[in-house]
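*Asks:* Predicted model and sequence below, questions to follow.
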Amino acid sequence: MQKTYYVYILTNKVNTVLYTGVTSDLQRRVYEHKHKLVDGFTKKYKVDKLVYFEVGNDIYTAITREKQIKAGSRQRKIDLINASNKEWRDLYYDL
């Protein structure tokens, strides 16, 4: 059975903070962010709205993509989100 990996971007309520991560269980991971179950950046800055994600089946490709997104400018991240989610809806509820 092939495993699935996700690269995702979260933001806060007013879309001012962007966080990029990678996981093999997107629903669980976003739940953890939403319920502040893990101390760190997302808890401190109230980052819990899933606005973008990509799906793949190779962890190395997912990690490479995460690093690529993180290394890009804020505007590139905004453009990436806008290309598939112009309204910046919380995609968690569609999972």
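*Replies:* Ah, there it is.
*Asks:* V14 - that's part of a strand, no?
*Replies:* No - under DSSP: H, G, I helix; E, B strand; the rest coil, V14 falls outside any strand and is assigned coil.
*Asks:* Residues in contact with the lowest-mean-pLDDT helix or strand in the chain: which ones?
*Replies:* One helix or strand of the chain scores below all others by mean pLDDT, DSSP states H and E: helix 41-44, with a mean of 94. Under the contact criterion C-beta atoms under 8 Å, 6 or more residues apart in numbering, helix 41-44 has outside partners L10, Y19, H33, K36, V47, D48. (Each C-beta comes from the backbone N, C-alpha and C, glycine too.)
*Asks:* do stretch 84-92 as well
*Replies:* Here stretch 84-92 has contacts from T11, N15, Q27, V30, Y31, K34, K49, L50, V51, Y52, F53, I81, using C-beta under 8 Å, 6+ apart.
*Asks:* Narrow the contacts of helix 41-44 to those in strands?
*Replies:* In strands, defined here by DSSP state E, the members of the contacts of helix 41-44 are L10, Y19.
*Asks:* Give me the buried entries from the contacts of helix 41-44.
*Replies:* Neighbour-count burial (16 or more other C-beta atoms under 10 Å) is assigned, among the contacts of helix 41-44, to L10, Y19, H33, V47, D48.
*Asks:* Mind telling me the two of those residues farthest from one another?
*Replies:* Taking C-beta to C-beta as the measure, the buried ones among the contacts of helix 41-44 span a maximum distance of 9.4 Å, between Y19 and D48.
*Asks:* H33 contacts G40, doesn't it?
*Replies:* No - using C-beta atoms under 8 Å, H33 is not in contact with G40, being 9.5 Å away.
*Asks:* which strands and helices sit next to the longest helix seen in the chain?
*Replies:* Counting residues, the longest helix in the chain under DSSP state H turns out to be helix 59-71. The helices and strands touching helix 59-71, judged by 3 or more C-beta pairs under 8 Å, 6 or more residues apart in numbering; DSSP states H and E, are strand 5-11, strand 18-23, strand 49-56, helix 74-84.
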